[in-house]
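1. Pasted the sequence and its predicted model underneath.
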Amino acid sequence: MSTPTAPSTPSPAASRPVRTIALLNQKGGVGKTTTTVNLAAALALSGRPTLLIDMDPQAHATLHLGVDAASPLGPGSDKTATVYDVLLDPASVAPTALREARPNLWLLPAETDLAAVESELAQAPDRNTRLRRFLESLGNRFEFVLMDCPPSLGILTLNALSAAREVFIPMQAHFLALQGVGKLLETVSLVSKSFNSRLHVTGVILCMHETSTTHSREVVADLAEFFEQARKSGQDVPYRTARILQPPIRRNIKLAECPSFGQTIFDYAPTCPGAADYKALADRVIADWDTMLQRRADGGISAATPPLPQIVVREATPGATAGAVA
């Protein structure tokens, strides 16, 4: 496992707003951590200062980047800082405690002690907003902040949803996963009404995707139809502008192999289909973001407007039933 480079200060993102994204799915094994790490790496490779926050006590995102959370931050330092320290006392963790895992890519790692946060903060009145306080202290040091959430709804996930502006939902195009997305949208709606009214679902990232099966095409069609109905209904729900993010991430064995080497897909197999898909997804995310910021600067949209919805091209398949997500 590699030791992170000595901490340096990322350049402010030219006073651009910070895009804070929670990647969330309450079902495990859907490609959530793989997507968080490789999307963050692709954004960093595009020159965008990016912070990845590992909110999962399993610390899989930290391991994926080859970082040992217990290692010193640099020569002559015995200090370590993780999400655990931030949640216990946000003011005690200096911004320099972030690990520079790759050029333009910083990490706030997780550790196994993170599981104890649920009980240690159970009575704290601000238990769900501590990560938000820490991120606010960073100002505009990063343009993108991606948070890898655990597959459960507890203090860790609620801290991420409190700090985030957006939710990306990685999922496989399977029937049971589709049902789980419906429950997840209900959860985001509750959080939005309770303590983060700015939170919205940007969309779904299809992982380990196979376009050749009838079942996957039907699931994609159902999901697209559900989002289309949400847009047309005019309901004030946090997924009213959600869509299926493009392109889907194809099933690729290299994506499964690279974490065991502590590498991103761009370190391990930069020419494989998995790398091409995550690079294309990052390019689309950046293009949408830049377009929205330009329109905002031109006075076309307000600062409260979420990222612009895209038209989703659906594959028409017999037997697809609308609204299966609900």
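-> In hand now; what should we look at? Numbers count the residues shown, from 1 in each chain.

2. Secondary structure element holding residue 101?
-> Residue 101 belongs to strand 99-102 when elements are defined using DSSP states H and E.

3. Next secondary structure after that strand?
-> Assignment by DSSP H and E places the next element after strand 99-102 at strand 105-108.

4. could you dump whichever helix or strand comes after that next one to CSV, C-alpha only?
-> Using DSSP H and E, the helix or strand that follows strand 105-108 towards the C-terminus is helix 117-120. C-alpha atoms of helix 117-120 as CSV (Å, rounded to 0.1, in the frame of the first residue of the first chain):
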residue,chain,number,x,y,z
VAL,A,117,-19.4,7.3,15.5
GLU,A,118,-23.0,6.1,15.5
SER,A,119,-22.9,5.5,19.3
GLU,A,120,-20.5,8.3,20.2
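
5. What pLDDT is listed against residue 94?
-> As predicted, residue 94 sits at a pLDDT of 83.

6. Check whether the closest residue to it other than its chain neighbours sits in a helix, strand or coil.
-> In this structure, residue 94 finds its nearest non-sequential neighbour in residue 81, 7.8 Å apart by C-beta to C-beta, 6 or more residues apart in numbering. Placement of C-beta: from N, CA and C, glycine included. When classified by DSSP: H, G, I helix; E, B strand; the rest coil, residue 81 comes out as coil.

7. so residue 81 makes contact with residue 93?
-> Yes - the criterion here is C-beta atoms under 8 Å, and residue 81 meets it with residue 93 at 5.0 Å.

8. what distance separates the helix or strand that residue 185 is a member of from the middle of the whole chain?
-> Following DSSP H and E, one finds residue 185 within helix 175-194. From the chain centre to the centre of helix 175-194 is a distance of 16 Å (C-alpha atoms, centre = their mean, to the nearest Å).

9. So what's the residue count around residue 236?
-> Neighbour count of residue 236, defined by other C-beta atoms under 10 Å: 9.

10. Could I get the pLDDT score of it?
-> Per-residue confidence (pLDDT) for residue 236: 87.

11. Okay, it and residue 275: tell me how far apart.
-> Counting by C-beta to C-beta, to the nearest Å, the separation of residue 236 from residue 275 is 39 Å.

12. For the helix holding residue 185, list the C-alpha coordinates in PDB.
-> Backbone C-alpha positions of helix 175-194 (Å, rounded to 0.1, in the frame of the first residue of the first chain) are rendered in PDB as follows:
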ATOM      1  CA  PHE A 175     -35.400  -5.400 -11.000                       C
ATOM      2  CA  LEU A 176     -34.600  -5.500  -7.200                       C
ATOM      3  CA  ALA A 177     -32.100  -2.700  -7.600                       C
ATOM      4  CA  LEU A 178     -34.900  -0.700  -9.200                       C
ATOM      5  CA  GLN A 179     -37.200  -1.200  -6.300                       C
ATOM      6  CA  GLY A 180     -34.300  -0.100  -4.000                       C
ATOM      7  CA  VAL A 181     -34.000   3.200  -5.900                       C
ATOM      8  CA  GLY A 182     -37.600   4.000  -5.100                       C
ATOM      9  CA  LYS A 183     -36.900   3.600  -1.400                       C
ATOM     10  CA  LEU A 184     -33.700   5.700  -1.800                       C
ATOM     11  CA  LEU A 185     -35.600   8.500  -3.400                       C
ATOM     12  CA  GLU A 186     -38.000   8.500  -0.500                       C
ATOM     13  CA  THR A 187     -35.000   8.800   1.900                       C
ATOM     14  CA  VAL A 188     -33.600  11.700   0.000                       C
ATOM     15  CA  SER A 189     -37.000  13.400   0.000                       C
ATOM     16  CA  LEU A 190     -37.200  13.100   3.800                       C
ATOM     17  CA  VAL A 191     -33.700  14.500   4.300                       C
ATOM     18  CA  SER A 192     -34.500  17.400   1.900                       C
ATOM     19  CA  LYS A 193     -37.600  18.200   3.900                       C
ATOM     20  CA  SER A 194     -35.900  17.800   7.300                       C
END
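
13. Can you tell me what sits against the helix or strand following it?
-> Scanning forward in sequence from helix 175-194 by DSSP H and E, the next helix or strand is strand 200-206. Contact with strand 200-206 is made by 21, 31, 35, 39, 165-173, 181, 185, 188, 192, 220, 223, 227, 238-245, 248-249, 281, 306-307, as judged by C-beta atoms under 8 Å, 6 or more residues apart in numbering.

14. Which of those fall in helices?
-> 35, 39, 181, 185, 188, 192, 220, 223, 227, 281 (DSSP state H).
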